[in-house]
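Trainee: what's the 3D shape of this:
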Amino acid sequence: MYHFAIIGGGIVGLSTAMALGQRYPNARILVLEKENNWAVHQTGNNSGVIHSGIYYKPGSFKAKFCRDGSHSMVKFCQEHGIEHEVCGKVIVATETEELPRLENIYQRGLENGIPVQKISPAEVKEIEPHVNCVGGVRVFSTGIVNYKQVCLKYAELIEKQGGDLRLNTKVLKISSSDKNHVLETNNGNFATRFLINCAGLHSDRLAKLNQVKPQAKIVPFRGEYYELTPEKRYLVKTLIYPVPNPDFPFLGVHFTRMIDGSVHAGPNAVLSLKREGYKKTDFNLRDFAEVITYPGFWKLAAKHADEGIQEIIRSLSKAAFTRSLQKLIPEVQAEDLVPTHAGVRAQALMNNGKLVDDFLIVPGQNSIHVCNAPSPAATSSLEIGKAVVAQIPQQSHLEMVVRNS
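Mentor: Model prediction:
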């Protein structure tokens, strides 16, 4: 019998397990991951950015956790010798029509307590000499890191705390009573007094297995990237972002210098026909049917039809993808770009067609379900873990059991 079981070995599941071990050093903690390694899906396929929190609604979980997380992540990397760099980024307007939106982003940064600075086109060129723009905002606290390395350190620390880490273990069924949950897996059954669901792309399904309404459905969006050829990496010094369209839920294609020195360009955002569909040809009938029969998806598609079509065009046409990048750096040519990895974003979508625009943490009976944790969850992972654990003291009987163990 475990005191806590966490389903999901991505960065949120591991950070939650680590936070549990810190708060309850006597607790028996279990982490179950269906893959053969940690951070295989969202965590292991993102752009490796330590985000600042500039884009998010003031007072939201995303705004607070990301702002605080950008500091706690850097501190964690410093303490454990994980390679990282706080290089900053620029957000640039390439047309005069975008300047009011750039001003809004700057004001939001101030509201969220983030160190930001308005800069002229000439000042942008001092940072990024090859960028074309009519104005910019400099964000000082943005950084880069390899989140797989972060996760491996989380796992190492959990083991030192005495946690039980199980790879290649997929939860198939959850049976619950007033006092515990039994998790039936492909590697035997596990009993736990408290269950925490951090299953990312499958978090809504795991919630339903536990008889909890997830409040939204996970819709997978694939983000495809290109990489600059080594001889063209000089075009990008830090991170370069466009002014995002406030009516569209994604940030637009941008340039990211990775911690290994490579430069990635992207992503676009297209519907994935499989929840773990990293290739254009990946297809899963169950995943596809769930999306295509979901009223919320069609309402979202109707609202963002024009942007959605442009994203699909960018997915199918390298020339179109290149043109989007040339708005930021005109020198970039199609032959400078080579395809690289894709990621799949687990985005929660409500039945009314609105995307869940904040982290969504849903309580159940002796359980907590993290049902929406896309970007900036990696940056925010230490803060999300602490926030999840902070909800547990409400379960007073469990508190007594753990403390008396």
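Trainee: who's in contact with Leu316?
Mentor: By C-beta atoms under 8 Å, 6 or more residues apart in numbering, the contact set of Leu316 is empty. Just so you know, the C-beta spots here come from the backbone N, C-alpha and C atoms, and that holds for glycine as well.
Trainee: how near is it to Glu276?
Mentor: 21 Å (C-beta to C-beta, to the nearest Å).
Trainee: if we ignore the residues flanking it in sequence, what's nearest Ile361?
Mentor: Val370 (5.6 Å; C-beta to C-beta, 6 or more residues apart in numbering).
Trainee: and for Gln161?
Mentor: In space, Gln161 is closest to Gly21, 3.5 Å off (C-beta to C-beta, 6+ apart).
Trainee: hmm, who's touching the helix or strand hosting that neighbour?
Mentor: Per DSSP states H and E: Gly21 is located in helix 11-23. By C-beta under 8 Å, 6+ apart, the list of residues contacting helix 11-23 from outside reads 4, 6-7, 27, 29, 31, 33, 38-39, 43, 147, 150-151, 154-155, 157-158, 161-163, 196, 198-200, 370, 373, 377-378, 381-382, 384-386, 388-389, 392.
Trainee: I'd guessed Pro339 sits against Tyr226; true?
Mentor: Yes - with contacts counted by C-beta atoms under 8 Å, Pro339 reaches Tyr226, the gap being 5.9 Å.
Trainee: and the two? which has more neighbours close in?
Mentor: Neighbours were counted for Pro339 and for Tyr226 using other C-beta atoms under 10 Å; Tyr226 has more, 23 against 12.
Trainee: check contacts around the more buried one.
Mentor: With C-beta under 8 Å, 6+ apart, Tyr226 has these contacts: 264-266, 318, 321, 337-340.
Trainee: ok, now how distant is it from Ser262?
Mentor: With C-beta to C-beta as the criterion, Tyr226 and Ser262 are 11 Å apart.
Trainee: give the next helix or strand downstream of the longest helix along the chain.
Mentor: Using DSSP state H, we find that the single longest helix of the chain is helix 61-80. Once the chain leaves helix 61-80, the next helix or strand it forms, by DSSP H and E, is strand 84-85.
Trainee: so where's the stretch 201-350 of the chain uncertain?
Mentor: 247-249 (pLDDT under 70).
Trainee: residue boundaries of the helices in it?
Mentor: 203-209, 285-292, 295-303, 305-316, 318-326 (DSSP state H, counting those that start in this stretch).
Trainee: so can I have TSV of those helices showing distance to Pro230?
Mentor: Below are those laid out as TSV (distance: least, C-beta to C-beta, whole Å):
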stretch	distance to Pro230
helix 203-209	38
helix 285-292	36
helix 295-303	39
helix 305-316	24
helix 318-326	17
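Trainee: single out the most deeply packed of these.
Mentor: helix 203-209 (a mean of 22; mean count of other C-beta atoms under 10 Å).
Trainee: and Glu159, what helix or strand is that in?
Mentor: Going by DSSP H and E, Glu159 is part of helix 147-161.
Trainee: CA-only coordinates of that helix, as PDB, when you get a sec.
Mentor: C-alpha atoms of helix 147-161 as PDB (Å, rounded to 0.1, in the frame of the first residue of the first chain):
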ATOM      1  CA  TYR A 147      14.200  19.500 -19.900                       C
ATOM      2  CA  LYS A 148      15.000  15.800 -20.300                       C
ATOM      3  CA  GLN A 149      18.100  16.400 -18.200                       C
ATOM      4  CA  VAL A 150      15.900  18.200 -15.700                       C
ATOM      5  CA  CYS A 151      13.600  15.200 -15.500                       C
ATOM      6  CA  LEU A 152      16.400  12.700 -15.100                       C
ATOM      7  CA  LYS A 153      17.600  14.800 -12.100                       C
ATOM      8  CA  TYR A 154      14.100  14.900 -10.700                       C
ATOM      9  CA  ALA A 155      13.900  11.100 -10.900                       C
ATOM     10  CA  GLU A 156      17.300  10.700  -9.300                       C
ATOM     11  CA  LEU A 157      16.200  12.900  -6.400                       C
ATOM     12  CA  ILE A 158      12.900  11.000  -6.000                       C
ATOM     13  CA  GLU A 159      14.800   7.700  -5.700                       C
ATOM     14  CA  LYS A 160      17.100   9.300  -3.000                       C
ATOM     15  CA  GLN A 161      13.900  10.300  -1.100                       C
END
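Trainee: give the buried residues for that helix.
Mentor: 147-155, 157-158, 161 (16 or more other C-beta atoms under 10 Å).
Trainee: same question for stretch 109-124.
Mentor: 109, 112, 114, 116, 119, 124.
Trainee: from the residues you listed, pick the one nearest Ser177.
Mentor: Comparing the buried residues of stretch 109-124 against Ser177 with C-beta to C-beta places Asn112 closest, at 43.2 Å.
Trainee: how close does that closest one get to Asp68?
Mentor: For Asn112 relative to Asp68 (C-beta to C-beta), the value is 11 Å.
Trainee: ok, Phe359 next?
Mentor: With C-beta to C-beta as the criterion, Phe359 and Asp68 are 13 Å apart.
Trainee: of those two, which one has the most company?
Mentor: Neighbour count, other C-beta under 10 Å: between Phe359 and Asp68, Phe359 has more, with 26 against 17.
Trainee: please verify my assumption that the more buried one contacts Lys64.
Mentor: No - assessed by C-beta under 8 Å, Phe359 is found out of contact with Lys64, at 9.9 Å.
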